[in-house]
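Engineer: with the sequence up front, the predicted model follows.
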Amino acid sequence: MPDPLHWMVQLGEGQDLSRLVGRFKAVTGKQINEHLNCVANPVWASAFHDHALRHEENVEAVARYIIGNPIRAGLCASELEYPHWDSILEWVW
């Protein structure tokens, strides 16, 4: 299985997760194929799995798990060394 992409997003009122993921896949898939000089090469799996955080779940623990993925994958020694690291930990519950 390919490496998964983990996100933590907070949707606004009326926003749709399927639409957000679909748009992300379309835009990034096109950019990746252009970068690799490929035509219509599928980059992303057609489906995705989501998990909605509940009020009782520890949001910070989930965020730390996601942030730690590049370290566990051996891409860097610390999250600050990972070039795509960026996070805002502001939660309104």
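Structural biologist: Done, it's in. Numbers count the residues shown, from 1 in each chain.
Engineer: how about the lowest-mean-pLDDT helix or strand in the chain: buried residues?
Structural biologist: When each helix and strand of the chain is scored by mean pLDDT, DSSP states H and E, helix 59-72 comes last, with a mean of 86. Neighbour-count burial for helix 59-72 flags 63, 67, 70 (criterion: 16 or more other CB atoms under 10 Å). In this view, the C-beta of every residue, glycine as well, is placed from N, C-alpha and C.
Engineer: and what of stretch 22-34?
Structural biologist: By 16+ other CB under 10 Å, the buried positions in stretch 22-34 come out as 25, 29.
Engineer: domain boundaries for this structure, per the record?
Structural biologist: As given by automatic domain parsing, the domain ranges for the chain are 1-52, 54-93.
Engineer: and the ones you listed, which one's lowest on average pLDDT?
Structural biologist: Looking at those, the lowest mean pLDDT belongs to domain 54-93 (a mean of 79).
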